[in-house]
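**Q** Need coordinates for the following:
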Amino acid sequence: MSDIFENILGQAKVREFLRATVAHDRVSHAYLFTGPAGSNKTLAAYAFAQAILCEKKGCSACDSCQRIMRRKHPDVRYFAPEGVSGYLVEQVREIVADTALAPIQARKKVYILDRVDLLTTHAANAFLKTLEEPPLDVVLILLGRTRESVLPTIVSRCQVVPFRHIPAREAAGILSQHTGATTQQAHIAIQACGGSITKGIDFLKSSERMVFRTQVLEVLDSLALSDDWDVLTYAQDLVVKSQAPLDVVRGTLEEEFVESADFLAKSALRQIEARNKRLLSAVALESLRHMTAIIRSWLRDVMMVCSGSADLVINSDVMSALEQAARNTDVARVVVALEACRRADSAITYNVSPETCIDALLFEIREVLYGTHCTNKAAI
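**A** So this is what the prediction gives:
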């Protein structure tokens with residue numbers, strides 16, 4: 001039997017724990033996976049779901065495993081906060097009501113709740129009874145950034161599984177080892193994917209994502225000589241291109257929904273429709289975060305050049321552009337631009353219009369790095 005936990009890279013203790021849990025039939029009703037973004041919590045949650053639902057404890061080959069791997073199994077539900085400040089009470093009540101329903105295909109259901117550090121007290125109160133004593137056919141896997149950021153009433157009802165932070169250099173080494181990429185390519189992928197090894201692997205496999213990275217870097221290089229109309233055009237173009245993966249995902253989901261329509265009840269089809277809608281939203285959000293991660297990586301490299309540490313540059317394939325940007329700015333201004341990038345990430349998470357967010361971010365980077373007269377080409 002293949003090891004479904006082998007791809008939880010950089011988390012040896014987590015792999016050992018999950019293997020032992022499955023091997024000895026010690027699956028509990030509720031888990032809290034804690035760790036920073038990029039530490040492979042979500043990947044581990046889906047691998048664990050495979051082991052729980054598969055008749056062979058995770059063979060990777062059966063229909064159940066294949067559906068879970070593609071994030072399309074009707075009995076593995078993923079949820080993320082839908083409110084501006086976190087989970088909505090009504091959203092949590094719908095999750096609780098759903099847990100009372102019988103599984104559609106498997107003998108159990110697995111619920112994966114992301115960012116439970118954003119569970120408000122009121123929303124958590126609606127969830128506590130279910131978290132403490134869920135139906136016998138339900139396993140809850142909660143994901144949070146740190147144990148301390150999650151409400152104590154949630155923590156006390158879960159088995160806590162800590163994921164460690166993987167330093168960028170180590171992450172790049174792991175990525176290079178598993179893909180055959182050069183050290184430079186691995187570092188670029190890790191930075192472009194916000195530190196995630198799993199996403200870095202997908203990045204290196206996708207020529208479209210590499211092309212998109214080049215387009216983002218070209219826009220950043222052009223900002224110093226761009227007028228307002230240029231910036232608006234850049235933002236619109238980048239948002240459109242960032243959403244290209246949605247078309248592929250949407251087409252696949254529509255095909256699978258049509259295939260399921262003949263043999264599933266209306267209530268089950270409604271659940272699949274809701275799941276597909278959440279999946280598309282997650283893909284759209286992830287694509288935008290990919291763009292802001294590339295922008296942060298570029299800004300970080302400009303700061304390295306400004307501070308005389310060009311040997312630490314990651315995007316060395318655009319070194320001349322980084323040096324040009326560094327000649328027209330300084331470290332303090334780059335720090336302000338990085339903060340603008342963080343705010344844009346936050347706004348995107350809270351469903352602010354993507355184009356508005358990227359418009360504002362590019363304008364602010366241009367203004368902060370180069371000042372109000374940045375379009376004066378003679379000055380540049």
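
**Q** List the buried residues for whichever strand or helix holds residue 324?
**A** Assessed by DSSP states H and E, residue 324 sits inside helix 319-327. Of all the residues in helix 319-327, those buried under the rule 16 or more other CB atoms under 10 Å are 321, 322, 325, 326. For every residue, glycine as well, the C-beta is placed using N, CA and C.

**Q** contacting residues around residue 306?
**A** Contacts for residue 306 (CB atoms under 8 Å, 6 or more residues apart in numbering) come out as 326, 329, 330, 331, 334.

**Q** wait, the fourth one sits on residue 302?
**A** No - counting by CB atoms under 8 Å, residue 302 is not a contact partner of residue 331; they are 9.0 Å apart.

**Q** Same drill for the two, tell me which one is more crowded.
**A** Each of residue 331 and residue 302 has its neighbours counted (other CB atoms under 10 Å); residue 302 has more, 27 against 14.

**Q** Surely that one and residue 322 touch.
**A** Yes - between residue 302 and residue 322 there is a contact under CB under 8 Å: 5.6 Å.

**Q** if we can go back for a sec, give the other helices and strands that the helix holding residue 324 contacts.
**A** Counting by 3 or more CB pairs under 8 Å, 6 or more residues apart in numbering; DSSP states H and E, the packing neighbours recorded for helix 319-327 are helix 207-222, helix 266-306.

**Q** now that helix and helix 207-222, what's the angle there?
**A** 30 degrees (axes from the mean of the first three to the mean of the last three CA atoms, to 10 degrees).

**Q** which residues does residue 46 contact?
**A** 68, 69, 71, 76, 112.

**Q** May I have the secondary structure class of it?
**A** helix (DSSP: H, G, I helix; E, B strand; the rest coil).

**Q** what about it, distance to residue 73?
**A** According to CB to CB, to the nearest Å, residue 46 stands 9 Å off from residue 73.

**Q** Go through the strand or helix carrying residue 233 and flag the buried ones.
**A** Assigned by DSSP H and E, residue 233 belongs to helix 228-242. Using 16+ other CB under 10 Å as the test for burial, helix 228-242 gives 230, 231, 232, 234, 235, 238, 239, 241, 242.

**Q** In terms of secondary structure, what does it contact?
**A** Counting by 3+ CB pairs under 8 Å, 6+ apart, the packing neighbours recorded for helix 228-242 are helix 207-222, helix 266-306, helix 354-370.

**Q** what's the model's confidence in that helix, averaged?
**A** Here helix 228-242 scores 92 as its mean pLDDT.

**Q** Just want the phi and psi numbers for residue 33.
**A** Note on residue 33: backbone dihedrals following degrees, to the nearest 10 are phi -90, psi 120.

**Q** Against residue 10, how distant is it?
**A** Applying CB to CB to residue 33 and residue 10 gives a distance of 14 Å.

**Q** So if I had to pick from the two, which one is more boxed in?
**A** Between residue 33 and residue 10, residue 33 has the larger neighbour count (other CB under 10 Å), namely 26 against 21.

**Q** pretty sure that one is touching residue 144, no?
**A** Yes - using CB under 8 Å, residue 33 is in contact with residue 144, at 7.4 Å.

**Q** and the contacts of residue 46, which of them are in strands?
**A** Among those, the members falling in strands are 76, 112 (criterion: DSSP state E).

**Q** Tell me how far the closest residue to residue 330 other than its chain neighbours lies from residue 333.
**A** Using CB to CB, 6 or more residues apart in numbering and skipping the chain neighbours, the partner closest in space to residue 330 is residue 306 (5.7 Å). As judged by CB to CB, residue 306 and residue 333 stand 9 Å apart.

**Q** And residue 178, by the same measure?
**A** Taking CB to CB, one finds residue 178 at 38 Å from residue 333.

**Q** Residue 322 too?
**A** 15 Å.

**Q** Just the pLDDT for residue 10.
**A** The model's pLDDT for residue 10 equals 91.

**Q** where does this protein have low pLDDT?
**A** For the chain, residues meeting the criterion pLDDT under 70 lie at 1-2, 84, 245-283, 351, 372-380.

**Q** What's the biggest strand in it, counting residues?
**A** Max-length strand for the chain by DSSP E is strand 138-144.
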